[in-house]
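Q: Here's my sequence, what's the structure:
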Amino acid sequence: MIRWLGLIALLLAAAPALAVPALAGSLPPLVETPLYVQDVAAGKLPPVAQRIPQVPWVVDMAAEKKEPGTQGGEISWMVARARDLRVMNTYSYARLVGYGTDFKLHPDILLSYEVQEEKVFTLHLRPGHKWSDGQPFTSDDFRFSWEDVELDKELEPYGPDTRMLVDGEPPKVEYPDALTVRYSWSKPNPEFLTSLAGAAPLYIYAPAHYLKQFHKRYADPKALESLVRQAGMRNWVALYNLRSKLIDSANPDLPVLEPWVNTTRAPAERFVFVRNPYYHRIDSQGRQLPYLDRVIVNVVESSLIPAKAGAGDADLQQRGLRFDNISFLKAGQQAGGYKVRLWPTALGSEVALYPNMNCNDPDWRTLNRDVRVRRALSLAINRDEINQVVFFGLARPSQNTVLPESPYYDPAEAAEWTQFDVDKANALLDEAGLGNRDSDGIRLMPNGRRMEIVVESTGERSLESDILQLVRDTWAKVGVALYTTQSQRDVFLQRIFSGDTVMSVWTGIDNALITPTTAPAELAPVDQNWLQYPKWGQYLQTKGTAGEKADEPFALQLLALYDEWRSTTDDDRRDAITREMIKIQSDQVTSIGTVQGVLAPIVVKTRVHNVPEKAILSWDPGAHFGIYRPDTFWVDP
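A: Numbering: from 1, shown residues only. Below you'll find the model as predicted:
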């Protein structure tokens, strides 16, 4: 402990921007985990003092307003597909750097980190930290991930993960010692730490001791060929990719740093995760986390998840449950032995419409790019009616923008172009050259076609249909006909990306809890997944080999602001840039929001403790349950 305090003092003196875990005196007396008592006595496992890092993360249960728990027991939850097993990684939420409930970044797996001008990031590992199989977690795992994976032309033919590049420049990576890794760029990389903290994180490490057996550079050629043949893979690259994905939780043999380790091979309908004996967190009473010995993930048909949750078949369930399930779930609380908790979602809009400004149809492309048309369509939506009819008045009418919990929230911007105003909408459409109508009162486009908008969806959420029906009725008042069509998600997205879709419906901004450390990527056309301008995003993501170069003034302004945000280290300037980007998005109505703050049902068995009564359901940042630390959830004996 004296050496540790000396290290902290040295780092504090040397680093202008440093994040370290708080110290609360010496470690509490350690308590052996009941599940491991016999294995420790038999010499199959080392005692807890030798399993945890020398400087573990001590979770202050009192400070987090949680009950110290009992070790043992299990909980179960459901997913609709075996591939959704990766959500276990999201819920577990062990990251090099992670968000706390304050949505600020803190060291997690890392002991500490230093940041110099957002160009140099020095990461310090916890001494004595081990993978789930007991092997040391060291800087060699970062070296392997970078030099033998990201820079390997066979494994990564298109080069390193784009999140590791700054204007195409890869980092200089150094390994001063076994517990230190340093990443350096010549320009600021403000998104590096947030990428490490994501719900689907950037992995810059890998269990080298395990994965080398599948890598051509290290494995015996004959042994590797035999492994490829046994797995039915076409080559060593396919085998390596099959065995190495930390996010998937699909390979039971892959060592991890998560609180629980998968023990079940696919295909299966019931996956069993058991506690990681080398996990790096303990509670303030000296008990190694997680509290739960096992987590069971059952694969269930998606349509059956609400019914089975209502019957008490899950101990903790959020996935597959919707707002329109709340009444049914509430009715089953007593019989099912659970409580329904209602967490508002962190979406910018629960349902949003996306006019495709890159659609192939030249006439619709012109109209979708006309801000007067977008504003008119927004004004022709009765959001108060949607809130009352679909959400029983429990949501908040709004544009697709940040939430009140964000420091960038402006109620005027959230309300911009959202007041139901048929007269103003009609005037804007007339001004846009759409004044002529047919005998049915439907407006005629400049080419003489009826203004009939086909809104495409995945059909995965019934509330989208309910909302679109209400929008259809009010758009008819301004001479616009709305039709809907559905397709599977992959087809839905491909049609949008290729420009075949005129308008789509989806959720709003994923992260509407934007903070000063949040890169405003969702506010600029930098990703093909932003459905209002997918080809502009494609163009940037593919370095001009696909998509279209942005040419609208507002888009060029957003791109310039985003580039400036990434290049400056001036906090005040970044703050101003984010506010300006939000203002442009609201004024230009690049997407058409409806309501936000919709409540999501969370089913929690009464025997499960430490699940928050009140919380925000956020994908990134937040990882849904992740920031509330499921490793501290526990069950009655």
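Q: so what's Thr401 up against?
A: By C-beta atoms under 8 Å, 6 or more residues apart in numbering, the residues touching Thr401 are Gly348, Ser349, Tyr409, Glu413, Ala414, Ile509, Ala512, Ile582, Gln585, Ser586, Gly593, Gln596. Quick note: C-beta positions are derived from backbone N, CA and C, even for glycine.
Q: Now the residue of the chain most remote from its centre: phi and psi?
A: Of all residues in the chain, Ser439 has its C-alpha farthest from the mean position, at 48.5 Å, by C-alpha atoms, centre = their mean. Backbone geometry at Ser439, expressed as degrees, to the nearest 10, gives phi -70, psi -20.
Q: I'd like the numbering to begin with 406 instead of 1 from here.
A: Sure, I'll start counting at 406 from here, so that last one is Ser844.
Q: can you redo the contacts of Thr806 as CSV with distance to Arg777?
A: What follows is the contacts of Thr806, written out as CSV (distance: C-beta to C-beta, whole Å):
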residue, distance to Arg777
Gly753, 23
Ser754, 21
Tyr814, 27
Glu818, 19
Ala819, 21
Ile914, 23
Ala917, 26
Ile987, 21
Gln990, 17
Ser991, 16
Gly998, 18
Gln1001, 25
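Q: still on that earlier bit, the residue farthest from the centre of the chain and Arg855: what is the separation?
A: 11 Å (C-beta to C-beta, to the nearest Å).
Q: Also Gln962?
A: 34 Å.
Q: Separate out the buried members of the contacts of Thr806.
A: Gly753, Ser754, Tyr814, Glu818, Ala819, Ile914, Ala917, Ile987, Gln990, Ser991, Gly998, Gln1001 (16 or more other C-beta atoms under 10 Å).
Q: can you list those residues in JSON lines and add pLDDT and secondary structure?
A: Compiled in JSON lines, the buried ones among the contacts of Thr806 are given as follows (pLDDT from 0 to 100; DSSP: H, G, I helix; E, B strand; the rest coil):
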{"residue": "Gly753", "pLDDT": "97", "secondary structure": "coil"}
{"residue": "Ser754", "pLDDT": "97", "secondary structure": "coil"}
{"residue": "Tyr814", "pLDDT": "96", "secondary structure": "coil"}
{"residue": "Glu818", "pLDDT": "95", "secondary structure": "helix"}
{"residue": "Ala819", "pLDDT": "96", "secondary structure": "helix"}
{"residue": "Ile914", "pLDDT": "95", "secondary structure": "coil"}
{"residue": "Ala917", "pLDDT": "94", "secondary structure": "coil"}
{"residue": "Ile987", "pLDDT": "98", "secondary structure": "helix"}
{"residue": "Gln990", "pLDDT": "97", "secondary structure": "helix"}
{"residue": "Ser991", "pLDDT": "97", "secondary structure": "helix"}
{"residue": "Gly998", "pLDDT": "98", "secondary structure": "strand"}
{"residue": "Gln1001", "pLDDT": "97", "secondary structure": "strand"}
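Q: before we move on, the earlier item: Asn640: which of the contacts of Thr806 is nearest?
A: Relative to Asn640, the closest of these is Ile914; by C-beta to C-beta it sits at 40.6 Å.
Q: Pretty sure the closest one sits against Glu927.
A: Yes: using C-beta atoms under 8 Å, Ile914 is in contact with Glu927, at 5.2 Å.
Q: Specify which residues of the chain, grouped into ranges, have pLDDT under the cut-off.
A: Across the chain, the ranges flagged by pLDDT under 70 are 406-430.
Q: How many residues are close by Thr567?
A: Using other C-beta atoms under 10 Å, Thr567 is surrounded by 12 other residues.
Q: repeat for Pro541
A: Counted with other C-beta under 10 Å, residues neighbouring Pro541 total 15.
Q: Backbone torsions only: list them for it.
A: Dihedral angles for Pro541 - degrees, to the nearest 10 - are phi -60, psi 140.
Q: His511 versus the nearest residue to it once chain neighbours are set aside, what's the distance?
A: Nearest non-adjacent residue to Pro541, counting by C-beta to C-beta, 6 or more residues apart in numbering: Lys535, 5.9 Å away. As for Lys535, its distance to His511 is 21 Å (criterion: C-beta to C-beta).
Q: neighbour count winner among these two?
A: Neighbours were counted for Lys535 and for His511 using other C-beta under 10 Å; Lys535 has more, 23 against 18.
Q: so that one touches Phe542, yeah?
A: Yes: contact criterion C-beta under 8 Å: Lys535 and Phe542 qualify, at 5.9 Å.
Q: There's contact between Met1033 and Val1016 in this structure, I believe.
A: No, residue 1033 isn't Met; it's Tyr. Yes: here Tyr1033 reaches Val1016: they are 7.1 Å apart, a contact under C-beta under 8 Å.
Q: Can you name the element that comes right after the helix or strand harbouring Thr879?
A: Here Thr879, judged by DSSP states H and E, is contained in helix 867-881. Next along the chain after helix 867-881, taking DSSP H and E as the criterion, comes strand 886-891.
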